[in-house]
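**Student:** Provided below are the primary sequence and the corresponding predicted coordinates.
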Amino acid sequence: MNRRALWLGLLLVGCGGGEAARLAAPVDRPPVRVARASFGSFDGATGLAVDPRGTLYVADPARHLVISFSATGDSLTSIGGYGWEGRRFDRPTDLVADGLAVDVADFGNNRVERYDRRLNYLGSLSGASNANPTRTERTADDAFEKPLSVGLASQGDLYILDGEARHIVRFNPFSRERRVFGGIDAGAGRLEQPQQLAVGPDGLVYVSDVGRNGGRVVVFDPFGSYIRTIGDVVLRAPAGLGLDADGVLWVADPGLGAVVPFTAAGLPPADKAAFSLPVGDQPQDVTGYRGALYVLGRHRIYLY
């Protein structure tokens, strides 16, 4: 299937003949979808997470902030500002929430910070060459450097995307066991310029990656074995990833200016279509919650 055919499959879902004819010409960018609501104000947000209660968390590295919202868009808490002490960050790029805690990839400080769901500081996991070596913290045996993204498995394993080494580290906080995958020896699963990761409810690990031939999503099993590649025909510069209640993988691709859905097999879903954000904003991340889809732009959150 070539790029044009796949785009048409993504764009024309649910369209009648007249609408299909109107959309068939501009296949480079899907149509803008009108959001049910939008909220927040960010300078350059990159990470979005939602917990089982519906609380949303945003990482805004341009302002060194982490901000929480209710599912309806009410602002709850904001922490951060530049620094390395507790509740301070140096370019937080991504986060993950499970209802009890929020883990934040604090890129510039080379650590993963843990907060409770109300953003009270709990602790820190440091990588190699931590920005503040005098601070007493747990370490991951120098397993990562410059964490770009974090994901959490249902059994508690923490996945860290190492922006320096360009691989994934799976870290068990209880046994201290760690496993590294997606690196130079990973064959078809070797990552080139990984951007973000997400862990599905079945334990599969999805990683957005940008390479010489465009973008793709690389899928690994929970132990780091390569399974498949998704979207390499379509994606240009994929960033954030999220699964909705139906198990559809949504990819925020600022290179396309669109949010693109895929089935687990990497095909266009039968009942969901790609769409763009309003002019002037680009999708950075996406997450699903109880039938709703939240898309993070650089400046706002859009609810669909």
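**Tutor:** Noted; the coordinates are in hand. Residues are numbered from 1 along each chain as shown.
**Student:** relative to residue 33, how far out is the residue nearest to residue 94 when sequence neighbours are not counted?
**Tutor:** Leaving aside its chain neighbours, residue 94 sits nearest to residue 47 (3.7 Å; criterion: Cβ to Cβ, 6 or more residues apart in numbering). Quick note: C-beta positions are derived from backbone N, CA and C, even for glycine. With distances taken as Cβ to Cβ, to the nearest Å, residue 47 is found 22 Å from residue 33.
**Student:** ok, these two, which is more surrounded?
**Tutor:** Neighbour totals were compared for residue 47 and residue 33, and residue 47 leads with 27 against 17 (other Cβ atoms under 10 Å).
**Student:** contact partners for the more buried one?
**Tutor:** Contacts for residue 47 (Cβ atoms under 8 Å, 6 or more residues apart in numbering) come out as 57-59, 92-95, 105, 149, 196, 240, 284-285, 296.
**Student:** now render those residues as TSV, adding secondary structure and distance to residue 173.
**Tutor:** Converted to TSV, the contacts of residue 47 look like this (DSSP: H, G, I helix; E, B strand; the rest coil; distance: Cβ to Cβ, whole Å):
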residue	secondary structure	distance to residue 173
57	strand	20
58	strand	24
59	strand	21
92	strand	20
93	strand	21
94	strand	18
95	strand	16
105	strand	16
149	strand	17
196	strand	21
240	coil	24
284	strand	28
285	strand	24
296	strand	27
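**Student:** buried ones among those residues?
**Tutor:** Among the contacts of residue 47, the ones that count as buried by 16 or more other Cβ atoms under 10 Å are 57-59, 92-95, 105, 149, 196, 240, 284-285, 296.
**Student:** and what about residue 188, helix, strand or coil?
**Tutor:** helix (DSSP: H, G, I helix; E, B strand; the rest coil).
**Student:** just give me the neighbour total for it.
**Tutor:** Residue 188 - counted by other Cβ under 10 Å - has 9 other residues nearby.
**Student:** now it: closest residue in space, sequence neighbours ignored.
**Tutor:** Closest to residue 188 by Cβ to Cβ, 6+ apart is residue 226, at 5.4 Å.
**Student:** so who does the one you found touch?
**Tutor:** Applying Cβ under 8 Å, 6+ apart, we find residue 226 in contact with 186-189, 218-220.
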